[in-house]
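1. structure for the following, please:
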Amino acid sequence: MSEWKRLARFDGPIVIIGFGSIGQGILPLILRHIDAPRDAITIIAPDDSDRAIADAEGIRFLQTALTRDNVRSVLEPILAGTPGFIVNMSVNVSSLDLIRLAQGWGALYIDTCIEPWEGGYTDTSKSASQRSNYSMREEALAVQAQFPGGKTAVMAHGANPGLVSHFVKRALLTVAADTGVDTPVPTDRSGWAALAETLGIKGIHIAERDTQTTARPKVRGEFWNTWSIDGFVGEGMQPAELGWGTHEKGLPEDGFRHDFGCDAAIYLGRPGASTRVRTWTPMEGPFHGFLITHNEAISIADFLTVRENGAVRYRPTVHYAYHPCDAAVLSLHELAGKEWAEQPVYRLLNGELTEGRDELGVLLYGHAKNAYWYGSHLSVQEARDLAPYQNATGLQVTAAVLGGMVWAINNPDVGLIEADELPHEDILAVAGPYLGPVVGEYTDWTPLDGREKLFPEDVDHQDPWQFRNVRVR
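-> Residues are numbered from 1 along each chain as shown. Okay, here's the model as predicted:
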């Protein structure tokens, strides 16, 4: 591994929780780029189906499922006494409970989303508002306030949420340069928000099209996907959520505000996996994606909010617009048709993928040049050439995790921090070599293009970028 550039040194114990596609993918990147003793790394996972990867790398593997009852007793012997690093790549393990433990032990922390204990996404004893990502983020912000200046905990920092927040900043600077807005690089959230307002950004889509495919078709009764199926199904069954912009003329008929917190987002009274929106990427062009709830839809909208005398003057609409691989779309269709009764077999696609790419980026719209997409065009073959145990989707996530880990090691005492608060160029300098071509492209497309050819539609012709026009009915 000596040929790889070491980006940070860490002598304490590193615990990787979860060893699915992302846990497997981050391991070789840690070994390549973080100068850490192998015997100080431990993987904890509920099953040992992929233990051979850990064994081949000489890494300790502990097979156990972390629960509310055992999480402290399992982790304390490894992490107590020596400052360590919790790399949480799991599902069904509470991120906030892990963060609280990490703060008590003086450990660094990173995850890819704010995760509840098992059942938290679909707990019908809670209201839709209470089981939303908005609610989980508000709880995380409350924990953040409890540990000012504590050990660094990088929250929700995979590809999205995470990497896309850094894409947004680069895209804002590009649009500014191309529209004649002379601006220094902002240094805080008020500066970034002011820039977005000055540019007239009405909204941001996290626009992603996954075209990775296999040689054989999906099997009925199985859920296929290119990344965590537990994670995808869980978030897909949550309410659809989006940051709600000040240019919007009115709430959707099934839209609801929360009665607590920052008020940066709304939710719809339906699952994200059954809610579709219109969006655009350079390679795919226009397409329909799923409005799956994600933390970044809320955090970016909140981060770019401008207030005047306590009232919100400006905020963009922000949401995910995701077309997963075709096999996953068929799987979602089957899942919804069974009234959300999950398939008995999960198949995580990796080695059987034969072609395709994950086109992941941000579409900033409503400004003087209409819309600008910026992001990664990573193919499955490029991903395999860059790192082992990965497909294109996974490597976009693990590259961002690596960037967050390196930053946390080099900045160990900033407390809990969101992706939007991190210096974007520091993260992209680490992640960039693993993202394939990173490109930007303007488009004249709007969600009104091609509409009303077959039937009249209830659309807003005065403002193409109203959510009413973006949503697929």
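2. when you work out contacts or count neighbours from here on, use the C-alpha atoms and nothing else.
-> Will do.
3. which phi and psi does residue 438 have?
-> Dihedral pair for residue 438: phi -110, psi 120, per degrees, to the nearest 10.
4. which elements pack onto the longest helix along the chain?
-> The helix that spans the most residues within the chain, counting by DSSP state H, is helix 392-410. Helix 392-410 sits against strand 8-9, helix 21-33, strand 108-111, strand 153-155, strand 357-367, strand 370-379, helix 380-386, helix 424-431, with contacts defined as 3 or more CA pairs under 8 Å, 6 or more residues apart in numbering; DSSP states H and E.
5. any chance of CSV for the ones you listed, columns distance to residue 445?
-> Shown next, in CSV, are these (distance: least, CA to CA, whole Å):
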stretch, distance to residue 445
strand 8-9, 43
helix 21-33, 34
strand 108-111, 35
strand 153-155, 34
strand 357-367, 10
strand 370-379, 8
helix 380-386, 28
helix 424-431, 28
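6. now do the contacts for residue 84.
-> With contacts taken as CA atoms under 8 Å, 6 or more residues apart in numbering, residue 84 has the following neighbours: 12-15, 106-108.
7. ditto for residue 213
-> 325-327, 353-356.
8. again, but for residue 271
-> Counting by CA under 8 Å, 6+ apart, residue 271 makes contact with 236-240, 292.
9. buried only: go through these for me.
-> Buried subset of the contacts of residue 271 (neighbour count, 16 or more other CA atoms under 10 Å): 236-240, 292.
10. what about these, which are in helices?
-> Among the buried ones among the contacts of residue 271, the subset assigned to helices under DSSP H consists of 236-237.
11. next, format the buried ones among the contacts of residue 271 as a markdown table and append pLDDT.
-> What follows is those, written out as a markdown table (pLDDT from 0 to 100):
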| residue | pLDDT |
| --- | --- |
| 236 | 95 |
| 237 | 94 |
| 238 | 93 |
| 239 | 95 |
| 240 | 98 |
| 292 | 98 |
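12. how about a markdown table for the buried ones among the contacts of residue 271, with distance to residue 94 added?
-> Shown next, in a markdown table, are the buried ones among the contacts of residue 271 (distance: CA to CA, whole Å):
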| residue | distance to residue 94 |
| --- | --- |
| 236 | 18 |
| 237 | 18 |
| 238 | 16 |
| 239 | 19 |
| 240 | 21 |
| 292 | 20 |
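13. so how many other residues sit close to the nearest residue to residue 136 once chain neighbours are set aside?
-> Setting aside the residues directly before and after it, residue 136 is nearest to residue 114 in space (CA to CA, 6 or more residues apart in numbering), at 6.7 Å. Residues contacting residue 114 under the criterion other CA atoms under 10 Å number 22.
14. likewise residue 442?
-> Summarising burial for residue 442: neighbours were counted as other CA under 10 Å, giving 17.
15. so what's the residue nearest to residue 136 up against?
-> Shown in contact with residue 114 (CA under 8 Å, 6+ apart): 94-96, 133, 136-137, 140, 155-156, 295.
16. so what pLDDT did it get?
-> Confidence per residue is given as pLDDT, and for residue 114 that number is 96.
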